[in-house]
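J.: Predicted model and sequence follow; I will ask about them next.
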Amino acid sequence: MIQSPICEIFGIKYPIFQGGMAWISDARLASAVSLGGGAGLISAMNAGADYVRGEIRKCRESVGSLIFGVNIMLMSPFADDIAQLVVDEKVPLVTTGAGLPSKYMPAWTAAGIKTAPVVPSVAVAKKAAKLGASAIIAEGGESGGHVGDLTTMALVPQVADAVDIPVLAAGGVADGRGVAAAFMLGARGVQCGTRFLTATECNVHRNYKDKILAAKDIDTIVTGKSLGHPVRSLKNAFSRRFFEMEYDNTLSKEAIEAFGAGSLRKAAVEGDVTDGSVMAGQIAALVKDEAPAAEIISRIFSEAENILRGASEWIK
Ligand SMILES: Cc1cc2nc3c(=O)[nH]c(=O)nc-3n(C[C@H](O)[C@H](O)[C@H](O)COP(=O)(O)O)c2cc1C
């Protein structure tokens with residue numbers, strides 16, 4: 001077994017979080033991951049409290065006393081409501097994206113909620129640690145969804161040096177080699193998003209899963225950089241058009257934003273993988289099969305253990 005402070009802090013068997021994925025990571029996927037020995041995260045995305053409360057209750061019913069969490073996108077118009085909801089519902093774990101949860105941290109800490117902000121840089125990691133976070137998720141730009149500039153390879157060791165709480169590496173991890181590499185970079189756990197898109201319990205549309213299974217190494221593209229919120233997704237008619245539009249000086253920012261609105265839902269829920277946004281990381285090409293979340297996790301960690309055990313052979 002891999003020994004990690006992440007397992008002790010969060011009470012999990014394997015040091016792995018399933019990253020929050022808007023329109024995708026609902027109670028079904030989150031509970032499957034928690035039951036499989038990791039920490040499953042329900043995505044609060046831009047949803048209101050009623051939806052999120054329902055998912056929290058379903059997840060709790062399924063996992064019992066095991067840990068699970070809610071991922072809060074801080075730019076959501078309902079962020080204040082969800083921040084209060086996790087306290088009221090005694091959710092054990094909160095991860096956050098798109099900023100720092102400064103104004104919510106005192107209430108979460110008082111409620112005994114464990115917190116792990118997702119960060120794209122050393123400066124933000126330091127601030128999150130100062131706020132009293134339980135761990136830091138350092139997310140490199142290889143990842144699917146909203147991305148920062150730095151790669152996982154460059155970001156993780158720098159964050160690990162900068163903070164004195166454990167770091168989870170996110171972005172580009174989908175097998176045991178990724179976990180072993182993350183540990184070598186100073187992380188003590190990982191967060192995966194793309195790998196869980198083809199979990200049996202993932203409710204994302206069949207067409208979306210098929211696109212992931214067919215993806216090649218160079219099939220992702222980052223759009224939205226010029227608008228200040230870069231997103232990585234698979235190349236298709238939508239992302240190519242978005243890319244052209246954002247560098248077309250005749251178009252207003254509003255027109256481009258309007259073109260992108262609702263695009264993830266279109267692909268993930270409606271299955272329109274041509275005109276919707278199929279968000280996925282660069283590691284999508286390594287995702288070759290569908291399997292139950294528990295099997296994905298145990299396979300990743302048995303591979304990682306073998307690699308880490310074998311590493312001493314490299315030293316004479
Ligand atoms: C389809 C998709 C949607 C995502 N939505 C969110 C989100 O709502 N909130 C968030 O913090 N991160 C989001 N992410 C990022 C993941 O939580 C995770 O950090 C990332 O996928 C890790 O990199 P990987 O894709 O290489 O595994 C999303 C990722 C994907 C692939």
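T.: Everything's here; your move.
J.: Pop out the phi and psi values for G141.
T.: Note on G141: its backbone torsions stand at phi -70, psi 0 [degrees, to the nearest 10].
J.: correct me, but it touches A154?
T.: No. In this structure, G141 is not within contact of A154 by Cβ atoms under 8 Å, at 9.6 Å. For glycine as for every other residue, the C-beta is placed from the backbone atoms N, C-alpha and C.
J.: neighbour-wise, which of the two wins?
T.: G141 (21 against 13; other Cβ atoms under 10 Å).
J.: show me what contacts that one?
T.: G141 makes contact with 120, 147-152, 171, 222, 230, 232 under the criterion Cβ atoms under 8 Å, 6 or more residues apart in numbering.
J.: what does G148 give?
T.: With Cβ under 8 Å, 6+ apart, G148 has these contacts: 120-121, 139-141, 155, 230.
J.: and it, how far is that from the ligand?
T.: 11 Å (Cβ to the nearest ligand atom, to the nearest Å).
J.: can you check S143 too?
T.: Counting by Cβ to the nearest ligand atom - S143 and the ligand are separated by 3 Å.
J.: With L74 instead?
T.: 9 Å.
J.: Quick check, pLDDT for the residue lying closest to that residue once chain neighbours are set aside.
T.: Excluding its sequence neighbours, the residue lying closest to L74 (Cβ to Cβ, 6 or more residues apart in numbering) is G99, at 4.1 Å. G99 carries a pLDDT score of 90 in this model.
J.: my read: G99 touches M75, true?
T.: Yes. Using Cβ under 8 Å, G99 is in contact with M75, at 6.7 Å.
J.: Neighbour count: these two, which is higher?
T.: Neighbour comparison, G99 and M75: the larger count goes to G99, with 15 against 12 (by other Cβ under 10 Å).
J.: Tell me how many other residues surround the nearest residue to G11 once chain neighbours are set aside.
T.: Once flanking residues are discounted, G11 sits nearest to I67: 5.4 Å by Cβ to Cβ, 6+ apart. Neighbours of I67 under the rule other Cβ under 10 Å: 18.
J.: before we move on, what about G144?
T.: Neighbour number of G144 under other Cβ under 10 Å is 27.
J.: next one: K90
T.: K90: 11 neighbours (other Cβ under 10 Å).
J.: sorry, back to before: by neighbour count, which of the contacts of G148 wins?
T.: Going by other Cβ under 10 Å, E139 tops these with 29 neighbours.
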